[in-house]
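Got a predicted model here, sequence first, then my questions.
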Amino acid sequence: RILQPSLSGNARMAIVCCATPSELYFEDTRSTLMFASRAKLVKTNAQVNEVLDDQSLIRRLQRELAEAKKQSNMSHQTEQLKALETQAANAGKERREVEKKLRRLQHSILNTSTIFESKNGSETNHKNMRSLHKKRRLSD
């Protein structure tokens, strides 16, 4: 408990323990080794203490500001990238829908041309046109 404030500071520490094989100092050696085993478990976080003048402080703050702006710019670019990815996905969906409509139109044009090419008479063509209109309504 006496050395606890010294062990929890902002510094690196080294502990030297002295032990003797003499039975005369057995208890002292034992308590020293127990202390050393407890002190070994103490974790410290040593940092350099900085003493800054005004110019150094200004430069450090300017570097931090530049880094913060860079991070902000990167997050803005990330948002733009996500927006572009969304636009690309929407464009892909629209393209598929347009291709689907195009296939339907091609199919209906091909069906219409076969109706007019048939030589079965105008009444047959009229029936075919009605069925074609029904198919179109169902496909839309």
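Here it is on my side, so go on.

need the helix or strand of the chain with the lowest average pLDDT.
helix 122-139 (a mean of 59; mean pLDDT, DSSP states H and E).

where do the helices sit along the protein?
Listed in chain order, the helices of the chain (DSSP state H) span residues 4-7, 26-40, 54-117, 122-139.

Looking at the ones you listed, spot the one closest to Ala14.
Closest of the helices of the chain to Ala14 is helix 26-40, at 10.3 Å (criterion: Cβ to Cβ). C-betas here are computed from N, CA, C, even on glycine.

Where does pLDDT dip in the chain?
Residue ranges of the chain with pLDDT under 70: 1-11, 46, 48, 113-140.

From Leu65, how far out is Gln55?
Gln55 is 16 Å from Leu65, where distance means Cβ to Cβ, to the nearest Å.

let me fix that: Thr78
From Thr78 to Leu65 the distance is 20 Å (Cβ to Cβ).

ok, now Lys82?
26 Å.

How about Glu27?
Distance of Glu27 to Leu65, given as Cβ to Cβ: 60 Å.

now swap in Phe35 and tell me
Using Cβ to Cβ, we find Phe35 at a distance of 48 Å from Leu65.

Quick one: the helices of the chain as TSV, columns for distance to Met13 and mean neighbour count too.
Formatted as TSV, the helices of the chain follow (distance: least, Cβ to Cβ, whole Å; neighbours: other Cβ atoms under 10 Å):
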stretch	distance to Met13	mean neighbour count
helix 4-7	6	10
helix 26-40	8	12
helix 54-117	29	10
helix 122-139	82	12
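
Dump those helices into TSV; add distance to Gln47 as well.
What follows is those, written out as TSV (distance: least, Cβ to Cβ, whole Å):
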stretch	distance to Gln47
helix 4-7	16
helix 26-40	20
helix 54-117	15
helix 122-139	73
